[in-house]
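Colleague: Provide a 3D model corresponding to the input given below.
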Amino acid sequence: MITRSWTIMTWIVVVGSTLVMLLWILIYSFFMSADFVDEVLILFGGIQFWATVLITALLALGTYINFPLLNVTAYISLHFTF
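Modeller: Below you'll find the model as predicted:
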């Protein structure tokens with residue numbers, strides 16, 4: 001998602017869609033089907049899932065937040081030699 005600025009609506013869509021996806025997994029894991037039986041226990045019960053969610057969010061948002069800072073630093077270091 002490329003936006004010039006993050007508005008409140010952007011935050012609502014990003015966080016809301018993630019929460020809806022997690023809620024969907026939670027609800028559908030209680031129905032008897034071949035695909036989603038006990039899926040909530042498999043996914044939400046392990047540290048690997050939550051670590052992956054956290055690392056992915058940090059990498060995705062971290063580059064967005066830190067890129068302008070890195071861009072300015074690289075510009076200064078490449079154009080101003082001492």
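
Colleague: What score does Thr7 have for pLDDT?
Modeller: pLDDT recorded at Thr7 is 77.

Colleague: oh sorry, the question was meant for Asn66
Modeller: On the pLDDT scale, Asn66 gets 62.

Colleague: go on, Leu59?
Modeller: So, for Leu59, pLDDT stands at 82.

Colleague: Report the separation between Phe30 and Ile42.
Modeller: 13 Å (C-beta to C-beta, to the nearest Å). For the C-beta atoms, the positions are set from N, CA and C on the backbone; glycine is no exception.

Colleague: Domain-wise, how is this structure divided?
Modeller: 1-44, 46-82 (automatic domain parsing).

Colleague: Report the mean confidence score over stretch 26-40.
Modeller: 80.

Colleague: Buried residues in that stretch, which are they?
Modeller: Using 16 or more other C-beta atoms under 10 Å as the burial criterion, the residues of stretch 26-40 that qualify are Ser29, Phe36, Glu39, Val40.

Colleague: Next, the residues that contact it from outside, please.
Modeller: Stretch 26-40 is contacted from outside by Ile25, Leu41, Phe44, using C-beta atoms under 8 Å, 6 or more residues apart in numbering.
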